[in-house]
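> Fold the stuff below for me.
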Amino acid sequence: MPWWTWAALVFFGAAVLAAAVLVVLALLGMRRLAKTGAQVEAGLEDLARKSEELEARLAHADERAQLVERKLAHLDGSLERLSVLTWALGDVSRAVSDLRSTVMLRK
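Here you go, the predicted model:
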């Protein structure tokens, strides 16, 4: 056999070996990519679950905020009534004081 045949066979063997190495590296990369995809999927599912929990907590907080607003409105009304009653009590105590002083002066 001539030398160029041996050179061609060595070149062909090296090319096949290089291709085999590239295929093995590509398969390992695909496995790693599949694992990463599974991890991303699990992370997205966890994120979706946490998002749903957060939405539920936000709805509950909104309900509580509405309850607080209603109670604050009721408290404001009670405070207004209290201020009117305090003003009226002051007027009555002044009237009683004036009446006492008038009665005391007549004796």
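> can you pull the contacts of residue 16?
Contacts of residue 16 were listed using Cβ atoms under 8 Å, 6 or more residues apart in numbering, and none were found. Just so you know, the C-beta spots here come from the backbone N, C-alpha and C atoms, and that holds for glycine as well.
> so it is in which element?
Using DSSP states H and E, the element containing residue 16 is helix 3-106.
> so where's this protein uncertain?
Within the chain, the segments meeting pLDDT under 70 span 105-107.
> any idea how far residue 79 is from residue 73?
Using Cβ to Cβ, to the nearest Å, residue 73 is found at 11 Å from residue 79.
> ignore the last one, residue 37
In terms of Cβ to Cβ, residue 37 sits 61 Å off from residue 79.
> what's the answer for residue 88, then?
For residue 88 relative to residue 79 (Cβ to Cβ), the value is 15 Å.
> same thing with residue 4?
106 Å.
> do residue 86 as well
To residue 79, residue 86 is 10 Å away according to Cβ to Cβ.
> Just want the most central residue of the protein.
The residue lying closest to the centre of the chain (Cα atoms, centre = their mean) is residue 54, at 4.9 Å.
> and that one, what is it in contact with?
Under the criterion of Cβ under 8 Å, 6+ apart, residue 54 has no neighbours.
> go on, residue 38?
Going by Cβ under 8 Å, 6+ apart, residue 38 touches no other residue.
> Thanks again, I'm all set now.
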